[in-house]
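[1] give me coordinates for this.
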Amino acid sequence: MEKNVKHNSAKLHGLAGVKIRSRVMVAIFSISMLLIGCTEYMDGYVKPAVIAPPDTTTPPDTTTPPDTTTPPDTTTPPDTTTPPKPTVIINPGRVNLINGQVQQFSCTVTNSANKTVTWSMLKAYGSLSTGGLYTAPALIAKDSIVTIKAVLNANASISATAKVNLAKTIVPNDSVCFTKQILPLIIGNCAYSGCHNRTLDGVAPLNTYTNIMRLVRAGNPNSSKLIEVMTDDEDDIMPPEPLDPVPQADIDLIIKWINQGAKEKANCN
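    Below you'll find the model as predicted:
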């Protein structure tokens, strides 16, 4: 009886040891399966796939880096350029004139809102209007040059000049002498006895320079009463009919004398 008890006890110890060893083996196997990447299923073991080595490369940085470039300056920079200087140009810049002729000057002004100018002559010879109209002297003693100047009113330091070349007045060699040529002609055609040798029809005797000049406009024969009555084709013609009219050659000589200035004592040497 005791022997059977001992035998059964040993048998029980043996079974317990087998169970313990079995459980240890299962635990070891399970740990092994976990270590090699296997999975234990209730219906069996599945062979693990090929194990790839761990990726030790650094993944690329997909974040957008900050923009460190300087943005373009879109503001309008201040204008540091120097404005263009005003200019004045006189037109024409040079002209040739003789005695009594006129010339209108004008100005071209740029880079100035105020385009008005002041006209002047550097040396007065002839006349110059405030509008730039130049008139040459009636008698030019020698060849001369007149400088015309225009100053910009907006800036007195800006100006321009023009030149006027004046030619000496040429007195014709066939100048007419009043006392030697004109007075005898008028007395012979008008101031003879019974006509204008005395006051007649309100006209003083035509036998002196002073009285004759009452009918003459120097330099303008067309406006001279003396020429008008000598060339009138109406009843006012002098001398009156039936007397012969003044010869055309004598009228031409009187006209020449008037055009030359109708002087009393000039051109008689």
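[2] what's across from the closest residue to Val146 other than its chain neighbours in the sheet?
    Nearest residue to Val146 in three dimensions, chain neighbours excluded: Val164, at 4.2 Å (CB to CB, 6 or more residues apart in numbering). For every residue, glycine as well, the C-beta is placed using N, CA and C. Beta-bridge pairing for Val164 (DSSP bridges): Val95, Val146.
[3] got the contact list for Val164?
    By CB atoms under 8 Å, 6 or more residues apart in numbering, Val164 lies in contact with 94-97, 103, 126, 134, 136, 145-148.
[4] what's the most distant pair in these?
    Largest separation among these by CB to CB: Arg94 and Gly126, giving 15.5 Å.
[5] more neighbours, those two?
    Gly126 (22 against 11; other CB atoms under 10 Å).
[6] shouldn't the more buried one be in contact with Leu133?
    No - using CB atoms under 8 Å, Gly126 is not in contact with Leu133; the gap is 10.6 Å.
[7] okay, which residue is most central for this protein?
    Thr110 (3.8 Å; CA atoms, centre = their mean).
[8] ok so, going back, please, a PyMOL command that selects the buried ones among the contacts of Val164?
    The following PyMOL line selects those of those that are buried, judged by 16 or more other CB atoms under 10 Å:
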select buried, resi 95+97+103+126+134+136+146+148
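[9] of the contacts of Val164, closest to Pro247?
    For these, the residue nearest Pro247 by CB to CB is Ala136; the value is 35.8 Å.
[10] what sits against that closest one?
    97-102, 126, 164, 166.
[11] do the same with Arg217
    So Arg217 contacts 223-224, 258 (CB under 8 Å, 6+ apart).
[12] quick check: buried residues in the helix or strand where Pro184 lies?
    Secondary structure assignment for Pro184, by DSSP states H and E: helix 183-189. Using 16+ other CB under 10 Å as the test for burial, helix 183-189 gives 183, 185-187, 189.
[13] low-confidence bits of the stretch 101-250 of the chain, can you list those?
    Counting by pLDDT under 70, the ranges of the stretch 101-250 of the chain that qualify are 170-173, 191-202, 233-237, 239-240.
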